[in-house]
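A.B. asks: Structure of the sequence below:
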Amino acid sequence: MKRAREQAERWYRQARYDFEQARRMLEEGVFSYAAFFAEQAALKALKAYLLARGERAVPLHSVAALARRAAESDERFAPLVEAGRRLDRHYLTSRYPDALPEPAIPAESYTREDAEDAVAASAAVLRLVHQALGYPPEEAPFSSGGC
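C.D. replies: The predicted model follows:
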């Protein structure tokens, strides 16, 4: 179980880093990448939670599916499925021009509102994972302020 906790910690540290990049991109007005990093932060945080619970591999790439899986062991995650659905739409459309109708590209299509919603949804996921993993609240860099 110690190895599981170490792996979970690695995923969680990367989730926190990705979340900070999402906030930075939002502040800089780089909305498509803010949404992408927000999606990645939530995805990695949920994988960290599942790894900490003893899952050996978590090959899913859907925040909603990971939230559903987490809710199987902890009902507090059930409300995050909707946030996961909102975040899932950013996995491809935030980065790839062929994921959008022509002539649109992500860099020109994403709005501040899109990015703010993604960062807020991601913050909700990270706050719950932070709590579920037993970290002290004062160590949460994604508190509700600003998100």
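
A.B. asks: residue ranges for the helices of the chain, please.
C.D. replies: 2-28, 31-52, 63-73, 80-88, 90-93, 106-109, 112-132 (DSSP state H).

A.B. asks: With distance to Leu100 and mean pLDDT as added columns, please give these in TSV.
C.D. replies: All C-beta atoms are positioned from the backbone trio N, CA, C, and that covers glycine. Output for those, formatted as TSV (distance: least, CB to CB, whole Å; pLDDT from 0 to 100):
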stretch	distance to Leu100	mean pLDDT
helix 2-28	18	94
helix 31-52	10	97
helix 63-73	20	97
helix 80-88	16	97
helix 90-93	6	94
helix 106-109	6	95
helix 112-132	12	97
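
A.B. asks: which one of these has the most crowded surroundings?
C.D. replies: A comparison of the helices of the chain by mean neighbour count, using mean count of other CB atoms under 10 Å, puts helix 31-52 on top with a mean of 27.

A.B. asks: ok now that helix, how far from the chain's centre?
C.D. replies: Chain-centre distance of helix 31-52: 3 Å, with CA atoms, centre = their mean, to the nearest Å.

A.B. asks: Give me the angle between it and helix 63-73.
C.D. replies: Between helix 31-52 and helix 63-73, the angle comes out at 30 degrees (axes from the mean of the first three to the mean of the last three CA atoms, to 10 degrees).

A.B. asks: name the helices or strands packed onto helix 31-52?
C.D. replies: helix 2-28, helix 63-73, helix 80-88, helix 90-93, helix 106-109, helix 112-132 (3 or more CB pairs under 8 Å, 6 or more residues apart in numbering; DSSP states H and E).

A.B. asks: Check the offset of stretch 23-40 from the chain's centre.
C.D. replies: With CA atoms, centre = their mean, you get 12 Å for stretch 23-40.

A.B. asks: Show me the contact partners of that stretch.
C.D. replies: The set of residues external to stretch 23-40 that reach it, using CB atoms under 8 Å, 6 or more residues apart in numbering, is 15, 18-19, 21-22, 63, 87-88, 90-91, 94-95, 106-107, 109-112, 114-116, 118-119, 121-122, 146-147.
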